[in-house]
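Engineer: Predicted model and sequence below, questions to follow.
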Amino acid sequence: MIALGSDHGGYALKLEILKHLDERGAPCKDYGSFDENPADYPVYAKLVSDAILSGECEKGILICGTGVGISIAANRRPGIRAALCADVYTARLARMHNDANILAMGGRVVGTGLAREIADAFLETGFSADERHARRISLIEELPESPDNSKS
Ligand code: RB5
């Protein structure tokens with residue numbers, strides 16, 4: 001199951017991506033927003049990241065105007081790796097090297113055709129079996145929340 005979420009800036013593109021994934025037969029769940037009225041992107045970043053962290057959904061797609069705010073918000077959640085992508089290469093590498101579990105895009109940045117290709121690349125690419133990538137993800141997870149002053 002793929003979780004989708006957007007604010008108003010990403011709403012139109014989210015509908016296009018939902019339609020595209022539906023045509024591909026990919027099961028999706030839309031966590032809002034459900035219209036173009038101004039909406040706060042952290043709300044949808046939370047709903048979609050909750051769906052992934054709870055195991056309800058395997059991956060997510062988050063869209064705001066630029067993709068910046070909604071990816072920053074999602075990446076606050078431990079265990080979430082949201083990758084802001086505006087090209088297919090980055091989407092593929094975000095899966096292969098970073099095991100990204102959320103694709104973020106900017107509804108005011110990428111066109112519909114490119115966004116469909118980015119989503120396909122993200123959803124079709126697996127995580128690399130190379131140990132160095134798993135090690136680097138573990139190192140991300142071990143980063144302290146506060147500055148580590150013990151080594152100064
Ligand atoms: C909303 O106007 C806009 O700020 C939002 O969609 C997003 O681009 C924030 O990063």
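Structural biologist: Nice, thanks for sending it over. Because the structure is predicted, anything quoted here is derived from the model rather than measured.
Engineer: H133 against M96, yeah?
Structural biologist: Yes - the pair H133 and M96 passes the contact test of CB atoms under 8 Å, sitting 7.4 Å apart. In short, each C-beta sits where N, CA and C put it, glycine included.
Engineer: Assign L62 to helix, strand or coil.
Structural biologist: With DSSP: H, G, I helix; E, B strand; the rest coil as the basis, the three-state label of L62 is strand.
Engineer: list the contacts for I102?
Structural biologist: Neighbouring residues of I102 by CB atoms under 8 Å, 6 or more residues apart in numbering: 48-49, 52, 59-62, 71, 74, 80-83.
Engineer: Same check on V110?
Structural biologist: By CB under 8 Å, 6+ apart, the contact set of V110 is 13, 86, 118.
Engineer: Can you add secondary structure, distance to L143 and neighbour count and give those back as a markdown table?
Structural biologist: As requested, the contacts of V110 are exported to a markdown table (DSSP: H, G, I helix; E, B strand; the rest coil; distance: CB to CB, whole Å; neighbours: other CB atoms under 10 Å):
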| residue | secondary structure | distance to L143 | neighbour count |
| --- | --- | --- | --- |
| L13 | helix | 31 | 26 |
| A86 | coil | 26 | 16 |
| I118 | helix | 27 | 24 |
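Engineer: Just the closest of those residues to the ligand, please.
Structural biologist: Taking CB to the nearest ligand atom as the measure, the ligand sits nearest to L13 out of the contacts of V110, at 10.9 Å.
Engineer: residue contacts, the closest one?
Structural biologist: Counting by CB under 8 Å, 6+ apart, the residues that L13 touches are 6, 63, 105, 107, 110, 112, 115.
Engineer: nearest to the ligand, of those?
Structural biologist: Looking across the contacts of L13 and measuring by CB to the nearest ligand atom, the closest to the ligand is G107, at 7.4 Å.
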